[in-house]
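Colleague: no FASTA, just this:
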């Protein structure tokens, strides 16, 4: 039997060996998704991140032909769900969501005890939405605008309290930044949820909050709460009559944003496909309009832009947390 092989034949075989994996990878990406995709939301059902995720997943299901199924994995300020995502298979069939808590605040609070690496463990896909927090007060406080509220709090140091849905949330840190920039003192009261916070605010058991815009907005419209400002640099489209805090306190900029991640090592072809589909969904006029009804803006982005957002948020919140001396008690 003649085992010799010509140089031309060898090159042909070698070329085929190299092409086969490339063809296989390309075919895999084109076929994706071949089954439903799990989307880990690191907070409970009914919150802003969950609602945004469901709107986007519904559209992705229609566009990509397979279900994008929300799995709520709440706990530890979002750490539980994001840690689970970091350990998931990197085959494109498990992705998840990120927020200011998981990729802005928690790295500064938990530090070496954070159960995931914010950048090393993930592929960043896209930002999704951004929503201001809403400075609202109980009508018993004699202030019609931010300047009057600051004057009142300076005249009554430590008398009033502000509520949040937990230590280290963007709601809590909005209050801390407000105190730092305005030079005022308030007591911080924590609640288990935004719903409980809003009800106590209406009842007057807590007098001030910086809750996510969606929760207090209906009560502001009903007149049971007085809305003074949003926490972003620009006014909300749904409520242009409400000033931005930055108009009184320059540099004030905190938003409740969210985005999508995949486990590190998820194939680039799949990540690119997800990014393209997410960008298309987030530019859909129906989705843009739905987000605006929630007081939010659709924010399609590249993976690099999403990563840069997280990096800037970690730096921003580090300054607020360090100045306030906030720590997580274990």
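Modeller: Good, I have the coordinates. All of these numbers come straight from a predicted model, not from anything done at the bench.

Colleague: which residues in the chain form strands?
Modeller: Under the criterion DSSP state E, strands of the chain are mapped to 37-41, 68-72, 94-98, 122-137, 161-164, 187-190, 208-212, 226-230, 255-263, 297-298.

Colleague: how about the fifth one: buried residues?
Modeller: By that I understand strand 161-164. Within strand 161-164, the residues that count as buried by 16 or more other C-beta atoms under 10 Å are 162-164. Any C-beta I mention is one placed from the backbone N, CA and C, and that applies to glycine too.

Colleague: That strand - contacts with which helices or strands?
Modeller: helix 170-182, strand 187-190, helix 194-203, strand 208-212 (3 or more C-beta pairs under 8 Å, 6 or more residues apart in numbering; DSSP states H and E).

Colleague: Of all the ones you listed, which one comes closest to residue 293?
Modeller: strand 208-212 (14.4 Å; C-beta to C-beta).

Colleague: I'd like to check the angle between the closest one and strand 122-137, please.
Modeller: For strand 208-212 against strand 122-137, the angle between stretch directions is 150 degrees (axes from the mean of the first three to the mean of the last three C-alpha atoms, to 10 degrees).

Colleague: Next, the angle from strand 208-212 to helix 170-182.
Modeller: With the same axes, to 10 degrees defining the directions, strand 208-212 sits at 130 degrees from helix 170-182.

Colleague: Strand 208-212 pairs with which strands, parallel or anti?
Modeller: Within its sheet, and counting by DSSP bridges, strand 208-212 is paired with strand 122-137 (antiparallel), strand 161-164 (parallel).

Colleague: So which residues make contact with it?
Modeller: 48, 131, 133-138, 141, 149, 160-165, 170-171, 174-175, 178, 186, 194, 197-198, 201, 216, 231, 254, 256 (C-beta atoms under 8 Å, 6 or more residues apart in numbering).

Colleague: where's that strand relative to the chain centroid, distance-wise?
Modeller: Chain-centre distance of strand 208-212: 17 Å, with C-alpha atoms, centre = their mean, to the nearest Å.

Colleague: Quick check: which of the strands paired with strand 208-212 is buried the most?
Modeller: Among the strands paired with strand 208-212, the stretch with the highest mean neighbour count (mean count of other C-beta atoms under 10 Å) is strand 122-137, at a mean of 26.

Colleague: Report the angle between it and strand 94-98.
Modeller: Angle, strand 122-137 to strand 94-98, by the same axes, to 10 degrees: 30 degrees.

Colleague: orientation of strand 122-137 relative to helix 194-203 in degrees?
Modeller: In terms of direction (the same axes, to 10 degrees), strand 122-137 departs from helix 194-203 by 10 degrees.
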